[in-house]
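Trainee: test case, fold it:
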Amino acid sequence: MSMTLYFHPLSSFCHKALTALYENDTPFTPHVVDLGDPASNAAFKKVWPVGKFPVLRDEASNRLIPESTSIIEYLSLHYPGRIKLVPDDAELAAAVRETDRFYDLNVHVPMQKIITDRIRPAGKNDTFGVDQARELLHTALGIAEKKMASRPWATGALFTMADCAAAPTLFYTDMAIMPLAGAYPHLAGYLGRIKDRSSYGRVLKEAEPYLHWVPREKV
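Mentor: Numbering: from 1, shown residues only. Predicted coordinates:
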C-alpha cells in the first residue's frame with residue numbers, strides 16, 4: 001500500500017481521518033504511534049517534527065499530509081470513492097467546509113480542553129480555561145442542536161467530511177462530559193446514526209481497548 005496513516009486509536013482527530021478512510025474502503029497501512037513511548041515518539045517526530053497526529057504519508061506522490069481536514073481533502077481530490085465527502089458542487093462543498101470548521105473549532109477544541117485538563121499534574125489545572133471551554137461547548141452544541149432538528153446529517157441529506165468531524169467530538173462529549181440526550185436530544189439521535197454507520201462503528205471498535213483511559217466527568 002502506498003499510503004501510511006500515523007495515528008492512535010484513542011485520538012479524536014484520528015477518528016475523523018479514519019472515518020473518511022473507512023467510508024470509501026481506501027487502502028492504507030495503519031501505523032499506531034505511542035507518544036508515551038520514547039522510541040515510538042522519537043520515530044514519529046522524524047516523520048513529522050510537530051509531533052501531532054494524524055499524519056498521512058503518500059509514497060506514490062511523495063507527499064506528507066498532516067491534520068485531519070487536510071487529509072480528507074487530499075483523499076477526496078486524489079483518491080475519490082463512492083462517498084463524496086467533499087461534494088463536487090461548489091456551494092455544497094463550501095457548506096461542508098464551514099460545518100467541518102465549526103465542529104473542529106467550537107466543539108472539538110473545547111471538548112479536548114475539558115477532558116485533557118483532568119490529566120494535568122496536580123496543581124497545574126486551568127480552571128478558568130476549562131470554564132471558558134464549557135461555555136463555548138454549550139453554545140456550539142446549542143447551535144448544532146437546532147440545525148440537527150431538521151436534517152439527518154451535518155449539512156443535509158448526505159454524509160460528508162462534516163460528519164467525520166462531528167463524530168468523534170460528539171462521541172467523547174457524550175461519553176466523558178455529559179450525556180447529550182438530556183439537553184440535546186437531536187444531537188443524541190444524530191450521534192446514534194453516526195455510531196450505527198459502519199465506518200465509525202469500526203473506528204469505535206478499534207478504540208474500545210483504550211477508552212478506559214479517558215477520564216470521565218466526576219459526579
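Trainee: that's a strand at residue 150, yeah?
Mentor: No: under DSSP: H, G, I helix; E, B strand; the rest coil, residue 150 sits outside any strand and is assigned coil.
Trainee: what number of residues lie near it?
Mentor: Counted with other Cβ atoms under 10 Å, residues neighbouring residue 150 total 8. (C-beta placed from N, C-alpha, C; glycine too.)
Trainee: what about it? Give its phi and psi, please.
Mentor: Main-chain torsions, residue 150, degrees, to the nearest 10: phi -130, psi 20.
Trainee: just the pLDDT for residue 175.
Mentor: Note on residue 175: pLDDT of 97.
Trainee: so what does the closest residue to it other than its chain neighbours have for phi and psi?
Mentor: Using Cβ to Cβ, 6 or more residues apart in numbering and skipping residues adjacent in sequence, the residue nearest residue 175 is residue 214, 6.9 Å away. Backbone torsions for residue 214, taken as degrees, to the nearest 10, come to phi -80, psi 120.
Trainee: and residue 214, what does it touch?
Mentor: Residue 214 is in contact with 10, 115, 172, 175, 176, counting by Cβ atoms under 8 Å, 6 or more residues apart in numbering.
Trainee: where does residue 61 fall, phi/psi-wise?
Mentor: Main-chain torsions, residue 61, degrees, to the nearest 10: phi -110, psi 0.
Trainee: what about it, how many neighbours?
Mentor: Neighbours of residue 61 using other Cβ under 10 Å come to 12.
Trainee: residue 124 now?
Mentor: By other Cβ under 10 Å, neighbour count at residue 124 equals 7.
Trainee: swap in residue 113?
Mentor: Per other Cβ under 10 Å, the neighbour tally for residue 113 reads 17.
Trainee: and the one 5 residues further on, by the same measure?
Mentor: A count of nearby residues for residue 118, using other Cβ under 10 Å, gives 14.
Trainee: in a helix, residue 35, correct?
Mentor: No: Residue 35 sits outside any helix when classified using three-state DSSP, being coil.
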